[in-house]
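> dropping the sequence and predicted coords here.
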Amino acid sequence: MNISRRKMLILLPAAAVAWESVLAGTPEASPNYKMSDHWWGMLIDISKCIGCGNCVRACQTENDVPDGHFRTWVERYHVDDLHLENPTVISPDGGKEGFPAVAEDAEKYFFVPKMCNHCADSPCTQVCPVGATFISPDGVVLIDQKYCLGCAYCVQACPYGCRYVHPEKHVADKCTLCYHRITKGLTTACCEACPTGSRQLADLKNPNDPIHAFLKTHNVQVLKPQMATGAKAFYNDLDGSVR
Amino acid sequence: MSGVEGYMYPNEITLYWSVLIVLYPFITGLVAGAFILASLERVFRVEAVKPTYRLALLTALAFLLVAPLPLVLHLGHPFRSPEMYFTPHDTSAMAMFGYVYLWYLMAVLVLEIWLDYRRDIVHLSQSSKGLLRLVYKVMTLGSSNISERSLAIDERVGWIVTLVGIPSAFLLHGYVGFIFGSIKANPWWSSPLIPVVFIFSAMVSGIAGVMLIYMATTKMRGKKIDMRCVDTTAMYLFYIFIIDFSLEMLDLIHRIYEADESFRSLNFMAHTKLFFSQIVLQICLGTLVPLILLFVTQVVKLPEIVRKYMYVLSGCLALIGVFAMRWNVVIGGQLFSKSFLGYTTYKMELVTREGFLAALALALLPLLFLWILVKLLPPWPEKTASVAGD
């Protein structure tokens, strides 16, 4: 093939631009990461959460979460002495900008950060008609968005309300436990942004992870245990009124 | 936030299953019910309903052809839907849809219609002209053997297909019920009774639908309605309706008496957001009134004209009731928060892909298909007799 100098001058910048886009679409390799060595979960210490909304903002920025939808959100519970089973809950814009102030002598108030529980027996992956959502060998519930039909069956099946259909991509979307970060040895965006350490990424297969000591010494619970989903978002100090 | 009362998880405010998903169980229910009515004649030898036999089969086919459309139209990526056939997920109830659908369409309905109409098709392929002749030629599938022996084999095979078709019809619609009933996250749906209720309500809608179509088409053709046929159909409708109503009430009473953690939420819905569609439309107008009407026709000797009006009224109300039931399951199941602390509102759009007009078009499309099928394969009893006498 004969390429003139003039053609070459046109082709080279075009090829450079194309190569950039190829690189941009290629996930960064994580050569030292072995999936079988990990089993990820999350520790959420309710007693430490101050409802600042940093986690929600960090998640939205990191993962380009569309407005009005949430991969994580924070709820504020108000439990009245007479209505222990029927708390008043708010989460204005997912708690992204914090919460309105309460009177000092107020009754029982506390914050509950929510996110995908990355269940080991997840009902959402069970119902997906094409297996587009799956549990990775390291225990993270993920979605192959190039494969998802957008039927929303998984949204219906999640007991925790953690899934939504992306308004532009028209596929299911949810927390990925910042898989792109944790496989490179980083923590999740929400954990990193939390000023009080209320959220802690936990690797249950890592014997040196502080989660093990924590689980031994604290009253830790999962949300809706009656659902038997094998949830891996472990809550410390979880009030019985939380749903 | 507008339309939200109490607390919804923030991702729950939008409903993802729209009126199209209401239409889906309604249409498949009509298919299953119409087929069961057809099988009454074929398998259980209820001769009185014979005039509706072919019409019931064609009705079932017309609705079955439309059944997947609401589902596909609702998908975020409709063109990926063939993946359900190629790479089905073995733990998913929904993944089986394609197979159950294809089985029912090809192995049951089309086969039974073909076997039943084969003699007519051969005759028509010889007597018609032009393009129609070609169409009938193709429909013979190359077999123009209509000897006594051959027809006897058709009859025997057709009987077996209908026999297989009855559990298949139960499977088709029971399976649709299972899609909802197996969702443990949603207490409104999660019940082993749901598939059974779906099957019986399907039979109610299918029998009522075919009865109405039979009466309307007979009237339109200026023929006399066979009252023995309609009386018998209405009698079966009444019996099935009683079973359906009992099952629905059993579910309701069980929920009320058990009053588990979701009860407060569901009770509130039944008294507010679903009051009209559930209490008024589904239970009172769509079930109790037609049941009373049908009961009266069973125990009181009424003039023919009164019975006709009562059947038409109870048939229409039964269809409204079953549609309302599907609505209350699909939409009702998404109106409350899984936190049981709040409620949202369903706002039906008008002209969008999942809006009212699309739903209306899909609801009417089976009638267009039925019209074409009836033109192509006349199901009328006198036609059958004349073709047979050729």
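Here it is on my side, so go on.
> check contacts around the residue nearest to residue B:74 when sequence neighbours are not counted.
Residue nearest to residue B:74 in three dimensions, not counting chain neighbours: residue B:20, with 4.6 Å by Cβ to Cβ, 6 or more residues apart in numbering or on different chains. Every C-beta, even on glycine, is put in place using the N, C-alpha and C of the backbone. Residues near residue B:20 by Cβ atoms under 8 Å, 6 or more residues apart in numbering or on different chains: B:70, B:71, B:73, B:74, B:354, B:358, B:359, B:362.
> can I get the residues you listed in a markdown table including neighbour count and distance to residue B:196?
Output for the contacts of residue B:20, formatted as a markdown table (neighbours: other Cβ atoms under 10 Å in any protein chain shown; distance: Cβ to Cβ, whole Å):
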| residue | neighbour count | distance to residue B:196 |
| --- | --- | --- |
| B:70 | 24 | 23 |
| B:71 | 22 | 22 |
| B:73 | 18 | 28 |
| B:74 | 23 | 25 |
| B:354 | 18 | 29 |
| B:358 | 22 | 31 |
| B:359 | 19 | 27 |
| B:362 | 19 | 26 |
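> in helices, which of the residues you listed appear?
B:70, B:71, B:73, B:74, B:358, B:359, B:362 (DSSP state H).
> ok, the most centrally placed residue in chain A - contacts?
Note on chain A: the residue nearest the mean C-alpha position is residue A:175, at 3.0 Å, using Cα atoms, centre = their mean. Residues counted as contacts of residue A:175 (Cβ under 8 Å, 6+ apart) are A:59, A:71, A:72, A:115, A:116, A:118, A:162.
> and chain B, which of the residues you listed contact it?
When contact is defined as Cβ under 8 Å from any Cβ of the partner chain, those meet chain B at residue A:162.
> in strands, which of the contacts of residue A:175 fall?
Secondary structure defined by DSSP state E assigns A:72, A:115 of the contacts of residue A:175 to strands.
> PyMOL command for the buried members of the contacts of residue A:175?
Here is the PyMOL command that selects the buried residues among the contacts of residue A:175 (16 or more other Cβ atoms under 10 Å in any protein chain shown):
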select buried, chain A and resi 59+71+72+115+116+118+162
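> including distance to residue A:196, could the contacts of residue A:175 go into JSON lines?
Converted to JSON lines, these look like this (distance: Cβ to Cβ, whole Å):
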{"residue": "A:59", "distance to residue A:196": "16"}
{"residue": "A:71", "distance to residue A:196": "20"}
{"residue": "A:72", "distance to residue A:196": "15"}
{"residue": "A:115", "distance to residue A:196": "16"}
{"residue": "A:116", "distance to residue A:196": "21"}
{"residue": "A:118", "distance to residue A:196": "22"}
{"residue": "A:162", "distance to residue A:196": "23"}
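> just the contacts of residue A:175 now: which is nearest chain B?
Of all these, chain B sits closest to residue A:162, with 6.8 Å by Cβ to the nearest Cβ.
> ok, the residue in chain A that chain B sits nearest to - contacts?
Per Cβ to the nearest Cβ, residue A:150 is where chain A lies closest to chain B, at 1.9 Å. Neighbouring residues of residue A:150 by Cβ under 8 Å, 6+ apart: A:165, A:170, A:171, A:172, B:75, B:76, B:77, B:80.
> where do the strands sit along the stretch 51-200 of chain B?
Counting by DSSP state E, counting those that start in this stretch, the stretch 51-200 of chain B forms no strands at all.
> residue numbers of it in contact with chain A?
B:71, B:74-77, B:80-81, B:83-84, B:87-89, B:91-95, B:97, B:179, B:182-186.
> filter those residues down to the buried ones, PyMOL style.
Remark: buried members of these, expressed as a PyMOL selection using 16+ other Cβ under 10 Å:
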select buried, chain B and resi 71+74+75+76+77+80+81+83+84+88+89+92+93+94+95+97+179+182+183+184+185+186
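> just the ones in helices from the residues of the stretch 51-200 of chain B next to chain A, please.
B:71, B:74, B:83, B:84, B:97, B:179.
> just checking, residue B:16 touches residue A:155?
Yes - between residue B:16 and residue A:155 there is a contact at 5.2 Å, judged by Cβ atoms under 8 Å.
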